[in-house]
Structures are given as C-alpha cells and as structure tokens.
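Trainee: Sequence and predicted structure, then a few things I'm wondering about:
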Amino acid sequence: MDQGATGQYPQPVIDAMMNFATTGNAPVHRGLYRLAYDATSAFEGVRQQVADFIGARTANEIVFTSGTTAAINLVAQSFGRLFVDQGSEVLVSVAEHHSNFLPWQRLCEQTGAKLVVAPITADGAIDEQWVLAHINVHTRIVALAQETNVSGARLQDARAIADRVHANGGYLLLDGAQGLAHQAVDVQALGCDFYAFSGHKIYGPSGIGCLYGRQELLTEMPPVTLGGGMIEEVSIRGASWLPAPERFEAGSQNVLGVIGLGAAIDYLQPRRAAITSYCSTLTRQLRQQLAAIPDVQLYSSQAACATLSFNLDGVHAHDLATFLDEQNIAVRAGHHCAQPLMHALAVPAVVRATLGAYTSVRDGQRLVAAVQQAREFFGGESHGA
C-alpha cells in the first residue's frame with residue numbers, strides 16, 4: 001500500500017521493456033543504422049504520446065527528465081534564474097513535497113527573492129483562496145502540487161490561480177507527480193506554464209519523468225546540463241545549442257525508461273477513471289473504519305482518492321509501520337519529504353497508506369485489522385510498563 005511512493009508494473013509495461021531490451025536496444029539520435037533509427041522512432045513516438053496524454057500543443061513542449069524532481073529543478077535553475085530577481089516573490093505551499101519546495105527556496109537564496117508559503121485548510125488542502133489573495137505584481141512564479149502527497153487533497157481551481165498569476169506577469173508550475181495518476185490532465189485547459197511528473201507514479205518505471213513547458217518559454221531557457229546530444233556546434237571559442245527539447249536532454253537518454261513510460265500510459269489512460277473511482281470508494285470506506293478506532297488521528301483529506309495518512313496516539317509512525325510490515329502490510333512512514341508540513345501539523349512523522357489499481361478490498365480489511373491490533377499491542381505494552 002505504497003503506490004504514492006512507487007507503483008508496481010502492469011504486465012504490458014514489463015513486456016514492452018523486455019521486448020525493447022532484447023530486440024530494440026540502441027542509442028537514439030546518433031546511430032546511422034536501422035536499429036538506431038527504430039529506437040529513435042520509438043523514443044520520439046513516446047514524446048508525442050506524452051504530449052497527447054496531457055494536452056500539450058506539440059511534442060516539442062515535452063522534455064524527458066529523470067523524474068519530477070529533475071524537471072522542477074530544471075525550471076528553477078534555468079527559467080527561474082532568468083525571471084526571478086531581488087524584489088520578486090515565489091509562492092509555494094507548506095504542503096509541498098521537498099522536490100517542489102527546496103528548488104524554490106534555493107532560487108530565492110540565490111537571487112534575493114522572497115519565498116511566500118501558503119498555508120493549508122483544516123482538511124489538509126492548499127488554501128487556494130489564500131494563494132489567490134497573495135498573488136501580486138511581485139509574484140514571478142507560483143509552484144503548487146496538483147495533488148499533495150500527504151493529505152491527498154487536490155487543487156480545485158488551478159485555472160483561476162493561473163489566470164491570476166498571468167494577469168500579474170507571473171508563471172504557474174504544477175507538480176503532477178501524484179495528480180496525474182488520478183485525473184485526466186489538459187495543460188492548456190489548466191493554464192499552467194510548466195507541468196512535471198514521474199513515470200513510476202503512473203505504473204511505469206523509475207528514473208524517467210517529463211517536464212511540459214510552453215514552447216515559447218522553453219525556447220528562452222538556457223540548458224543547465226551540458227554534454228553530448230544537445231549541441232548544435234562546439235568550437236574552442238564557444239558553443240550553440242539545439243532547439244528545445246533536445247537542448248535539455250544532454251547525455252545518453254534512458255530509452256528503456258521512455259519505452260516503459262509509453263507502455264504505462266497505454267495501460268493507464270483507458271483505465272484511469274475506473275481505477276480512480278474504485279480507489280476513491282475504497283479510500284472513503286477505510287477512512288471511516290480507521291476513524292472509528294480509538295486513538296487514530298487522520299491527516300489525509302476527506303476527499304482524498306487514494307491516500308490515508310494517520311497516526312496512532314502514543315506510537316511513533318516508524319514503530320507502527322514496522323508492526324504493519326510484520327503483518328506483510330507495506331506502508332510509508334516518516335515525514336514524506338514534506339517536513340514543512342510536518343512542522344505545521346506539529347508531528348514528527350505520519351503513516352501513509354496509498355492505494356493503486358491492485359489494492360484489494362481484502363488488503364484494506366487487513367490494514368484496518370492490523371492497526372487495531374497495533375493499538376492493543378502498544379497499549380497493552382504501555383499499561384504493563
């Protein structure tokens with residue numbers, strides 16, 4: 001029950017990667033032989049597939065990265081260094097994953113800009129009204145999670161935030177690492193300027209992700225990583241770069257990961273609505289059952305579609321997770337790369353169970369029963385002491 005951290009592979013993803021690894025492996029964009037041409041065609045085919053999947057205008061707006069973290073860092077250190085300076089503001093929320101917090105914190109330290117941190121509501125959602133009220137002419141970038149990784153709450157009106165920030169001359173980045181698995185995404189309808197996600201959260205392999213950026217913005221951005229495959233010309237006097245997206249893809253690419261990503265999209269797209277509906281129903285049921293256990297504190301949103309974050313009073317999250325592991329129930333425990341949120345919640349850590357397509361009703365029943373057993377075990381131990 002740790003889909004939010006990394007998903008398991010459906011058989012079609014395994015098959016696609018095995019087929020490429022055994023019959024199609026070759027470097028892309030370079031070899032002057034048929035196998036390399038075919039590998040390049042497959043690689044670029046997935047770029048178009050991703051563009052279609054998230055509603056981009058063109059495949060040239062899709063940059064392959066190693067994941068959401070690399071994508072957001074690229075925007076911060078390339079685009080951010082162009083448009084953020086002293087006197088600017090960058091707005092994030094206290095609920096952000098460190099991958100969408102630390103790059104902006106560092107950018108503000110580098111430029112002298114101010115980091116503005118939005119609070120959460122009582123339900124664990126980013127306070128969107130607060131965000132809208134604090135966007136002003138100094139706001140250069142707003143960077144928010146489309147779905148938070150601890151509470152599971154979703155942005156309800158990203159378009160309104162996009163319109164407000166654009167009206168003030170700024171830009172919107174959405175962290176889609178959690179959201180893309182649970183809802184159809186149209187980046188043009190959302191109005192975001194950048195959108196980042198990872199393959200392993202949507203039933204694909206790890207080590208591959210994507211950055212969507214509006215083409216006119218990518219065109220302005222300088223590369224951050226330099227090397228082979230992204231240059232137009234190099235001399236001892238200087239160098240010039242290929243157009244986007246190639247200028248951001250230096251070095252040998254994770255072609256196998258890209259092939260797996262394409263297969264994961266093929267798997268998820270026709271099933272996403274059904275998976276989300278199923279997980280949402282099961283999550284609501286489990287939330288009610290966990291809430292009925294004395295001493296259980298819930299931190300996930302009532303509207304979360306696949307996330308259950310909770311603690312057991314008097315028991316450290318790590319101890320509870322270890323107890324559950326002994327029952328062969330795999331959950332996440334810790335600060336979930338969201339320490340500012342832990343500070344806001346006044347807890348060191350929480351336990352998080354996240355559901356996926358393969359989570360059964362029986363799995364959920366076992367989780368609830370094991371948490372009840374843990375309460376009895378730790379409670380009895382405490383009373384005995």
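Mentor: Done, it's in.

Trainee: Quick check: bridge partners of E89?
Mentor: E89 forms beta bridges with K114, T139, as assigned by DSSP bridges.

Trainee: roughly how far apart are it and F83?
Mentor: As judged by Cβ to Cβ, to the nearest Å, E89 and F83 stand 12 Å apart. Just so you know, the C-beta spots here come from the backbone N, C-alpha and C atoms, and that holds for glycine as well.

Trainee: now A338
Mentor: Taking Cβ to Cβ, one finds A338 at 26 Å from F83.

Trainee: re earlier: overlap in contacts, E89 and F83.
Mentor: Common neighbours of E89 and F83 are listed as R140 (criterion: Cβ atoms under 8 Å, 6 or more residues apart in numbering).

Trainee: Between those two, which has more neighbouring residues?
Mentor: Under the criterion of other Cβ atoms under 10 Å, the comparison of E89 against F83 puts E89 first, with 20 against 16.

Trainee: Please enumerate the helices of the stretch 201-350 of the chain.
Mentor: Here the stretch 201-350 of the chain has its helices, by DSSP state H, counting those that start in this stretch, at 215-220, 255-268, 272-291, 317-326, 339-345.

Trainee: Which one, of these, ends up nearest to W104?
Mentor: With Cβ to Cβ as the measure, helix 339-345 is the member of the helices of the stretch 201-350 of the chain nearest W104 (11.7 Å).

Trainee: And the contacts of that closest one?
Mentor: 94-96, 98, 101, 117, 119-120, 148, 150, 299, 335-336, 348-350.

Trainee: Could you tell me which of the residues you listed count as buried?
Mentor: 94-96, 101, 117, 120, 148, 150, 299, 335-336, 349-350 (16 or more other Cβ atoms under 10 Å).

Trainee: tell me the two of the residues you listed that are most distant?
Mentor: Pairwise distances across those (Cβ to Cβ) peak at 20.5 Å, for the pair V117 and A349.

Trainee: Any idea which helix or strand in the protein has the lowest mean pLDDT?
Mentor: Of all helical and strand segments in the chain, the minimum by mean pLDDT, DSSP states H and E falls on helix 361-384, at a mean of 85.

Trainee: just checking, what packs against that helix?
Mentor: If you count contacts as 3 or more Cβ pairs under 8 Å, 6 or more residues apart in numbering; DSSP states H and E, helix 361-384 packs onto helix 272-291, strand 307-312, helix 317-326.

Trainee: Ok, which of those comes nearest V137?
Mentor: Of all the helices and strands packed on helix 361-384, strand 307-312 comes closest under Cβ to Cβ, at 35.8 Å.

Trainee: need the strands for this structure, in chain order.
Mentor: Secondary structure of the chain (DSSP state E): strands located at 62-65, 89-93, 114-118, 139-145, 171-175, 194-198, 209-213, 231-235, 238-241, 296-298, 307-312, 332-334, 350-354.

Trainee: My understanding was that L172 contacts D163; is that so?
Mentor: No: using Cβ atoms under 8 Å, L172 is not in contact with D163; the gap is 9.3 Å.

Trainee: Neighbour count for the two, which is higher?
Mentor: Taking neighbours as other Cβ under 10 Å, L172 and D163 compare with L172 leading, 25 against 15.

Trainee: For the more buried one, which residues are in contact?
Mentor: Counting by Cβ under 8 Å, 6+ apart, L172 has contacts 141-144, 158, 161-162, 165-166, 191-194.

Trainee: mind redoing it with 7 Å?
Mentor: Listed by Cβ atoms under 7 Å, 6 or more residues apart in numbering, the contact partners of L172 are V142, I161, A162, V165, G191, C192, D193.

Trainee: With L268 instead?
Mentor: Counting by Cβ under 7 Å, 6+ apart, L268 touches I202, Y203.

Trainee: Please name the spatially closest residue to A51 (chain neighbours excluded).
Mentor: Excluding its sequence neighbours, the residue lying closest to A51 (Cβ to Cβ, 6 or more residues apart in numbering) is A59, at 4.5 Å.

Trainee: now L211
Mentor: Here the residue nearest L211, using Cβ to Cβ, 6+ apart, is A71, at 3.7 Å.

Trainee: still on that earlier bit, any chance you could list residues touching both of L172 and D163?
Mentor: G191.

Trainee: rewinding a little: just name the closest of the buried ones among the contacts of helix 339-345 to A292, please.
Mentor: Y299 (16.5 Å).

Trainee: what's around L174, how many residues?
Mentor: Using other Cβ under 10 Å, L174 has 29 other residues around it.

Trainee: likewise the one 3 residues further on?
Mentor: Applying other Cβ under 10 Å, we find 27 residues neighbouring A177.

Trainee: Show the contacting residues for the residue nearest to it when sequence neighbours are not counted.
Mentor: Nearest non-adjacent residue to A177, counting by Cβ to Cβ, 6+ apart: T68, 4.3 Å away. Going by Cβ under 7 Å, 6+ apart, T68 touches S99, D175, A177, A196, F197, S198, G209.

Trainee: nearest residue to L298 other than its sequence neighbours?
Mentor: In space, and not counting its chain neighbours, L298 is closest to F310: 5.0 Å by Cβ to Cβ, 6+ apart.

Trainee: any residues touching stretch 145-152, and which ones?
Mentor: Stretch 145-152 is contacted by residues 4, 95-97, 100, 124-126, 154-155, 158, 174-176, 178-179, 182, 299-301, 304-307, 309, 336, 338, 341, 350, 352 when judged by Cβ under 7 Å, 6+ apart.

Trainee: Quick one, which of these are buried?
Mentor: Among the contacts of stretch 145-152, those classed as buried by 16+ other Cβ under 10 Å are 4, 95-97, 100, 124-126, 154-155, 158, 174-176, 178-179, 182, 299-301, 304-307, 309, 336, 338, 341, 350, 352.
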